[in-house]
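Peer 1: okay, sequence plus prediction incoming.
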Amino acid sequence: MVAPSTANAAENGAGFYLLGARGPMAGLLAPPGTYFQNDTYFYVGELKGNKQLPLGGQIVGEVDATLIGVFGTGLWVMPEEVQGGNLGFTAIVPFGGPDIDATLSAPRAGRSASASDSIFTIGDPVVGVVLGWHEGDFHWTANASLNVPIGDYQKGELANLSFNRWAGDFTLAGTWFNPEAGFDLSGAAGFTFNGENPATDYRTGTEFHAEWAVTRHFGQEFSAGVAGYFYQQVTGDSGPGASLGDFKGRIAAIGGTMGYNFKMAETPVSLTLKIFQEFGAKNRPEGTAGFVTIAFPIGTPPAQVK
């Protein structure tokens, strides 16, 4: 229905766009109405060897990271047509936080070389706008979102859910879905533009991200397929806090997706599971990521897009 645009080199080894959030039906905007979507995101990764990472204003290595995040998203799609399509507005509020174990490359006075930190808190909210079109079996969207740095940010700590910086993302997504054949071919690509984190004097460079999914639908209830993503930082990090230089990062992942559609009373509900294994990491942790997504309309179920 709608994807959270929030967690890849870059400061803290993470970007505000959440890789893998878009997948099956990536280019399909829901019919006019109001919707709610909840994404529970899991990530387990590590950074080993002689690699280093800027984290919380410090340089660390030997990182083991676990993240559990809950992203609640509201979507309102207007009934009026705009530029031949439908206009929607989104708002995302993230909760959760990482659990970090790392070795400090330059420990502060009074702190050991090894450090651990964890937090459960509220992150930066994200607001967005989406314009979607439909033409037969083809569906496509233009998406813009803005990270608003008002979440809980702990200066100098290793574990933070907030980014403490303004950031904007622009993504194009498309879907070809033929109900008779039962196949969904979807893809999305975009760029993330970052402001500076004033607490660390660190400005993350511009980031490119792409996602894809090939899914087979078995009737109206079940679907399964393969999915993946790719990330490449296209401009370097900068600012007084960027002591590791431009620190351009890269990551790729491949995985699987399963979906189940059902009704709760008279409300249609969509449940999706995605899991990804990352590979080819540069200047960021590498690990396993997963999503459990549930989405449904609020109020009267809308008519489906033909």
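Peer 2: That came through fine.

Peer 1: give the contact list for Ala253.
Peer 2: By Cβ atoms under 8 Å, 6 or more residues apart in numbering, the residues touching Ala253 are 19-20, 228-230, 276-279, 289. Backbone N, C-alpha and C define where each C-beta goes, glycine included.

Peer 1: list the buried residues in stretch 122-138.
Peer 2: 123-126, 128, 130-134 (16 or more other Cβ atoms under 10 Å).

Peer 1: got the end-to-end distance for that stretch?
Peer 2: 37 Å (Cα to Cα, to the nearest Å).

Peer 1: low-scoring stretches of the stretch 51-200 of the chain, by residue?
Peer 2: Low-confidence segments of the stretch 51-200 of the chain, defined by pLDDT under 70: 106-112.

Peer 1: given the helix or strand harbouring Phe296, what are its sheet partners and their directions?
Peer 2: Secondary structure from DSSP states H and E places Phe296 in strand 286-298. Strand pairing for strand 286-298, determined by DSSP bridges: strand 33-55 (antiparallel), strand 267-282 (antiparallel).

Peer 1: centre of the chain to the first one, how far?
Peer 2: Right, strand 33-55. Between the centre of strand 33-55 and the centre of its chain there are 8 Å (Cα atoms, centre = their mean, to the nearest Å).

Peer 1: flag every buried residue along it.
Peer 2: Buried-residue list, strand 33-55, by 16+ other Cβ under 10 Å: 33, 35, 37, 39, 41-43, 45, 47, 51-55.

Peer 1: C-alpha coordinates for that strand, CSV please?
Peer 2: Provided in CSV are the C-alpha atoms of strand 33-55 (Å, rounded to 0.1, in the frame of the first residue of the first chain):
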residue,chain,number,x,y,z
GLY,A,33,-9.7,6.6,1.0
THR,A,34,-7.8,6.4,4.3
TYR,A,35,-5.5,3.6,5.2
PHE,A,36,-3.2,2.5,8.0
GLN,A,37,-0.1,0.3,7.6
ASN,A,38,2.3,-1.1,10.3
ASP,A,39,5.7,-2.3,9.4
THR,A,40,7.7,-4.2,12.0
TYR,A,41,11.3,-4.2,10.8
PHE,A,42,14.1,-6.5,12.0
TYR,A,43,17.8,-6.2,11.2
VAL,A,44,20.8,-8.2,12.5
GLY,A,45,24.2,-7.2,11.0
GLU,A,46,27.9,-6.9,11.8
LEU,A,47,31.0,-5.0,10.7
LYS,A,48,34.2,-7.0,11.2
GLY,A,49,37.9,-7.1,10.3
ASN,A,50,39.7,-3.8,10.1
LYS,A,51,36.7,-1.8,9.0
GLN,A,52,35.5,1.3,10.8
LEU,A,53,32.3,3.2,11.1
PRO,A,54,31.3,6.7,12.3
LEU,A,55,28.7,6.1,15.1
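
Peer 1: renumber starting at 46 from here on
Peer 2: Okay, residue one is now 46; in that scheme the one you just asked about reads as strand 78-100.

Peer 1: circling back: and of the contacts of Ala298, the nearest to Lys200?
Peer 2: Leu64 (26.1 Å; Cβ to Cβ).

Peer 1: so the closest one belongs to a helix, correct?
Peer 2: No: under DSSP: H, G, I helix; E, B strand; the rest coil, Leu64 sits outside any helix and is assigned coil.

Peer 1: okay but it is in contact with Tyr276, surely?
Peer 2: Yes: between Leu64 and Tyr276 a contact is recorded at 5.8 Å, counting by Cβ atoms under 8 Å.

Peer 1: could you pick out the buried ones from the contacts of Ala298?
Peer 2: For the contacts of Ala298, buried by 16+ other Cβ under 10 Å: 64-65, 273-275, 321, 323, 334.

Peer 1: which among the residues you listed gets closest to Val108?
Peer 2: The nearest member of these to Val108, counting by Cβ to Cβ, is Glu323 at 14.1 Å.

Peer 1: dump the residue contacts of the closest one.
Peer 2: Here Glu323 is in contact with 90, 296-298, 331-334 (criterion: Cβ under 8 Å, 6+ apart).

Peer 1: I'm done for today, thanks for sticking with me.
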